[in-house]
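J.: Task: produce atomic coordinates for the following.
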Amino acid sequence: MVLWWKPASKATIYKPLFFTLLKNDCVATAIRYIEDDVFWKGTYYLLCAIFPYLKAIRYCNSNIPAMDKIYFLLNNTVEALLQLQKVIDDDVDLIHFN
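T.: Next up is the predicted model:
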């Protein structure tokens with residue numbers, strides 16, 4: 001999902017037209033994040049952990065009764081966040097991300 005954006009983002013910052021743009025601190029920070037593989041890895045883990053929660057929000061906004069699905073998805077979110085915590089604790093690169 002998110003990793004699909006990585007090649008497109010990198011291709012954008014390496015285009016000759018991009019080099020002619022005015023670069024301020026915000027753009028420089030964005031370029032640094034786009035080039036950093038640890039950023040993409042952390043973003044992927046985070047989105048995988050909160051994806052069940054996003055699905056639950058969609059059910060909350062719908063017009064159908066879905067309390068059992070929402071409860072199930074929130075439990076999945078808690079489990080995914082606990083797994084994410086284990087991954088972050090084990091991955092030294094994600095801990096020292098700037």
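J.: okay, CA-based contacts and neighbour counts for the rest of this
T.: Noted.
J.: Give me the most central residue, this structure.
T.: Thr43 (3.1 Å; Cα atoms, centre = their mean).
J.: End to end on stretch 20-31, go ahead and measure it.
T.: In terms of Cα to Cα, to the nearest Å, the two terminal residues of stretch 20-31 are separated by 14 Å.
J.: neighbouring contacts of that stretch?
T.: If you take Cα atoms under 8 Å, 6 or more residues apart in numbering as the criterion, stretch 20-31 is touched by Ile13.
J.: List the residues that contact Cys60.
T.: Under the criterion of Cα under 8 Å, 6+ apart, the contact list for Cys60 reads 66, 70.
J.: Kindly recompute the last result at 10 Å.
T.: 54, 66-67, 69-70 (Cα atoms under 10 Å, 6 or more residues apart in numbering).
J.: still on that earlier bit, on the three-state scheme, the residue nearest to the centre of the chain is what?
T.: Assigned by DSSP: H, G, I helix; E, B strand; the rest coil, the conformation of Thr43 is helix.
J.: For it, give its distance to Leu84.
T.: If you go by Cα to Cα, the gap between Thr43 and Leu84 works out to 11 Å.
J.: Can you check which residues contact both of those two?
T.: Where contact means Cα under 10 Å, 6+ apart, the residues bridging Thr43 and Leu84 through contact with each are Ala49.
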